[in-house]
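Peer 1: sequence first, predicted model second:
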Amino acid sequence: MHSEDEDLARAIALSLKESQRSKKPEVITIDDDDDDNSGDHEDMRYQADLQRALEVSKVQSQISPTTVPVASGPGIGVPGPGPSTFLSERAKLEKERLERQKRLRKEVDLDDETNGTDAESDDDSDISMDGPPAKRQHISTSSQDKSIPLISTGASVPSQTEFFWAGELRQTATRFSESRKDGKPTFRLTQVLGNKSELNFAILSSYALDLPWIYEFFDRSVPVIMVAQPDATGRASIKYTFPTWVKTAPPLRGGFGCQHMKFMLLFYKTGRLRVVISTANLISYDWRDMENSVWVQDLPLRSRPIPHDPKVNDDFPSIMQRVLHAVNVLPALKTLLQEHSGIPLTAIEDLRARWDWSKVKAHLVPSIAGKHEGWPSVIKTGHPRLMMAVRKMGLRTGKGPRNDNLIIECQGSSLGSYTTQWMNEFHWSARGESAEDWLDEPKRRREKLPFPPVKVVFPTKRTVQASALGEPGGGTIFCRRRQWAAKNFPRDKFYDSKSKGGPVLMHSKMIIATTQRVSHSSANSRTEDSDTEDDDSDDEVKIIEPAAGWAYVGSHNFTPSAWGTLSGSAFNPILNVTNYELGIIFPLKDEAEANGVACFERPPRKYAAVADGPWIQEESIYHQPEPIEVE
């Protein structure tokens, strides 16, 4: 008779085997023979998975579920159930998920992991609080390094790590576009992580999360902090999930919103720190079947730490430290430090003090969920933080019709409820201009403004149908019919989203902003420039040439939930943000660089009035809600 631990381990092993199985070659492999589906190899792999799960289960059974030390503080919840309970729940949920998918999609020649119906949406008014499954986006300053072969995580490998001391932006490799149509190098998860035997400590963040899957990419001895989505209550919490892994979740007001950040801080035994800003969740589907963006930069250890300077609070490491505090990393770090003496980060402030950030040229742009009041707080998050970054790069456009036009192309996987007020609010920040200019204006006047020059880059239904996985693969791309059909919704601002890599759908989130210099006819010119962007002008505008601009890559979809909504007054602004998000922004020197950075085909093709409509997942036969069974 099997012990309880052995039964649990067998369930986990079955779950691992099911989640790794694919009818087509996978980009990411757990074992060397993962692509071989012969009976003998299947049995061998299952036995290996079972043995591994048994070993993990035996170690975890020795850990008391109530002995996790938790730092006290407001909003920090009581530790949840211990590791054995977690494994049992994970096995049960995974079994139910697989059975549900097989029942609903047994006629589709598609791997179970491509199901996306449980994935989150960024829609402002419909934020899913169910268990997540998917999202993605990014750019690069050096494209000279060549992509290395995929490294199996199941065996010891020689050190052949690439280093990115100047920063590198690439799209992820997928099984449907490798090699890419545009010939550019890609990132695989194993490349991003590097040689796992060299890792010393890691802080990871993801919305959708498959813990047993990502656990296999790390040595068992490596301590890891996993920042994840809180439960439906929205309370902050921390708990052990594996012997060396602590899962932490930040608070969400009323349980609404998403902890949507995707980042990694990877600390190596050599002292090197790797910073990763991504659009991909830590699930196999995001790293195998959909295209994402990943920015990577390596940082050397300083010869000696620099002293803390409270006056420096707006550079990349200072903002990163603020993000770590916001997403509840500190109590998780304190917990791990009690058990692991070799962690190189003994305090969050060590991040700036101990590593050399001088070569980081990108600017960090976070969104922190909550209500932020007063200018000192407002400019640290959401689209006002984007405004500050644009100014720091020297790319402020100026106000009035005589200044440069800014055209922004906003590509993503989820849409919001767009109004002319919010689009102009965001566009004003994208220009590097302060909301002080318009916050005191009457709301009725703002409601009558025309939409700004924004292109929403989102796939049409035909594009999804023509992709490698067809409609079943569109489960993590969100537009709802009631959004699209809403009165005054800017349907004429939509452009098709097509990957430059091949017939894959993109989970990337990217903004390409380009300025256009204009000249005005002297006959109709005014004696003074207008102070507001919306003043009427009879000037004849002639486009001369595209000029410098900027690009954003990160977890933010182009939605009010992600970027925030301003209210209040010019004297005392209030910014409400629903989600936790994180991305980077960097300058573009010309149109050619903008084309190179963009993950989508430029110029994007505008929707044809009759022939095109957006992909609406809820109207597909493959993404219908499950029927309610009545006993």
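Peer 2: Received it, and whenever you're ready, just let me know what you need.

Peer 1: just the element for the closest residue to Asp315 other than its chain neighbours, please.
Peer 2: Nearest residue to Asp315, sequence neighbours excluded (C-beta to C-beta, 6 or more residues apart in numbering): Trp357, at 7.0 Å. Placement of C-beta: from N, CA and C, glycine included. For Trp357, there is no helix or strand it lies in under DSSP states H and E.

Peer 1: list the residues that contact Trp357.
Peer 2: Residues near Trp357 by C-beta atoms under 8 Å, 6 or more residues apart in numbering: 299, 315-317.

Peer 1: show me what Ile407 is bridged to.
Peer 2: The partner list for Ile407 in beta bridges (DSSP bridges) reads Thr514.

Peer 1: follow-up on the earlier one: how near is the residue nearest to Asp315 to Trp165?
Peer 2: Between Trp357 and Trp165 the computed distance is 12 Å (C-beta to C-beta, to the nearest Å).

Peer 1: check Phe571 too.
Peer 2: Taken as C-beta to C-beta, the span from Phe571 to Trp165 is 44 Å.

Peer 1: the stretch 401-550 of the chain: helices as residue ranges?
Peer 2: Assigned by DSSP state H, counting those that start in this stretch, the helices in the stretch 401-550 of the chain fall at 420-430, 443-447, 461-466, 481-484.

Peer 1: mind giving me the packing neighbours of the last one?
Peer 2: Applying 3 or more C-beta pairs under 8 Å, 6 or more residues apart in numbering; DSSP states H and E, one finds that helix 481-484 contacts no other helix or strand.

Peer 1: next one: the first one
Peer 2: Using 3+ C-beta pairs under 8 Å, 6+ apart as the contact definition, the elements that helix 420-430 packs against are helix 382-392, strand 405-411, helix 443-447, strand 454-457, strand 565-568.

Peer 1: how about JSON lines for these, with distance to Pro212 and mean neighbour count added?
Peer 2: As requested, the helices and strands packed on helix 420-430 are exported to JSON lines (distance: least, C-beta to C-beta, whole Å; neighbours: other C-beta atoms under 10 Å):
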{"stretch": "helix 382-392", "distance to Pro212": "34", "mean neighbour count": "23"}
{"stretch": "strand 405-411", "distance to Pro212": "32", "mean neighbour count": "23"}
{"stretch": "helix 443-447", "distance to Pro212": "49", "mean neighbour count": "11"}
{"stretch": "strand 454-457", "distance to Pro212": "35", "mean neighbour count": "22"}
{"stretch": "strand 565-568", "distance to Pro212": "38", "mean neighbour count": "18"}
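
Peer 1: low-confidence ranges in the stretch 451-600 of the chain?
Peer 2: 518-547 (pLDDT under 70).

Peer 1: if we can go back for a sec, so which of the helices of the stretch 401-550 of the chain comes closest to Ile512?
Peer 2: helix 420-430 (11.1 Å; C-beta to C-beta).

Peer 1: okay, the angle between the closest one and helix 382-392?
Peer 2: 30 degrees (axes from the mean of the first three to the mean of the last three C-alpha atoms, to 10 degrees).

Peer 1: who touches helix 420-430?
Peer 2: Against helix 420-430 from outside (C-beta under 8 Å, 6+ apart): 383-384, 386-387, 390, 406, 408, 416, 435, 437-438, 443, 446-454, 488, 490, 511, 513, 533-534, 558, 560, 563, 565-566.

Peer 1: where's Gln171, which helix or strand?
Peer 2: Gln171 belongs to strand 168-172 when assigned by DSSP H and E.

Peer 1: show me what that strand is packed up against.
Peer 2: Short answer (3+ C-beta pairs under 8 Å, 6+ apart): strand 168-172 packs on strand 186-187, strand 293-299.

Peer 1: average pLDDT for it?
Peer 2: Averaging pLDDT along strand 168-172 gives 98.

Peer 1: distance of the residue nearest to Ile379 when sequence neighbours are not counted from Leu364?
Peer 2: Spatial nearest neighbour of Ile379, chain neighbours left out: Met388 (5.3 Å); criterion: C-beta to C-beta, 6+ apart. Between Met388 and Leu364 the computed distance is 11 Å (C-beta to C-beta).

Peer 1: show me where the stretch 201-350 of the chain has its helices.
Peer 2: Ranges of helices in the stretch 201-350 of the chain, per DSSP H, counting those that start in this stretch, are 211-215, 284-288, 316-326, 329-337, 350-354.

Peer 1: any idea how far Lys461 is from Gly432?
Peer 2: According to C-beta to C-beta, Gly432 and Lys461 sit 36 Å apart.

Peer 1: neighbour-wise, which of those two wins?
Peer 2: Legend: neighbour count by other C-beta atoms under 10 Å for Gly432 and Lys461, higher for Gly432 (21 against 17).

Peer 1: ok, that one - contacts?
Peer 2: 387, 390-391, 395-397 are the contacts of Gly432 under C-beta under 8 Å, 6+ apart.

Peer 1: now flag whichever of those is closest to Gln624.
Peer 2: Among the contacts of Gly432, and counting by C-beta to C-beta, the member closest to Gln624 is Met387, at 41.6 Å.

Peer 1: give me the below-cutoff pLDDT ranges for this structure.
Peer 2: Applying pLDDT under 70 to the chain picks out residues 1-160, 402, 518-547, 628-631.
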